[in-house]
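Engineer: give me the fold of what follows.
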Amino acid sequence: MGCNDNFAKIAGLKSANEIVGKSDYDLTLNRERAKSYMKDDKKVIESGKSLFHIVEHQKQRNGKHVWLDTNKIPMYNSSKEIVGILGTFTNITDRKNKEIEKDKIYSSIQT
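Structural biologist: Below you'll find the model as predicted:
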């Protein structure tokens, strides 16, 4: 239904207005990833419970590989019906890469 300019840029759109009417299949390069996003969305809509700190690896349209910490929160209308999902994410690539490097160093010391 909408997004901010930063999300639009990451999704390869020229403006936030271009997202209207698009599905996860239109916005991601990976069909399995799109299915996963929609599965999480369905879980939030059916349960009414937020999902927090979904850590995921993503290849973006600009070719960059990033790690994201994602949250999905149900949005309600005045009748307390769920009408959508507010999704937020934080780019945690630097932190995740440091963790991976630390694990590699630790593993090499153990062998």
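
Engineer: any figure for the gap between the spatially most central residue of the chain and residue 37?
Structural biologist: Nearest to the mean C-alpha position of the chain, counting by Cα atoms, centre = their mean, stands residue 70 at 5.0 Å. To residue 37, residue 70 is 9 Å away according to Cβ to Cβ, to the nearest Å. The way it works is simple: take the backbone N, C-alpha and C, and place the C-beta from them, glycine included.

Engineer: pull the helix or strand with minimum mean pLDDT from this structure.
Structural biologist: Sorting the helices and strands of the chain by mean pLDDT, DSSP states H and E puts helix 5-10 at the bottom, at a mean of 86.

Engineer: for the very next helix or strand once past that helix, buried residues please.
Structural biologist: Toward the C-terminus, helix 5-10 is succeeded by helix 24-27 as the next helix or strand (DSSP states H and E). By 16 or more other Cβ atoms under 10 Å, the buried positions in helix 24-27 come out as 24, 27.

Engineer: could you point out which element follows the lengthiest strand in the chain?
Structural biologist: Taking DSSP state E as the criterion, the chain has its longest strand at strand 65-76. Reading on from strand 65-76 to the C-terminus, the next helix or strand found by DSSP H and E is strand 82-91.

Engineer: that concludes my questions; thank you for your assistance.
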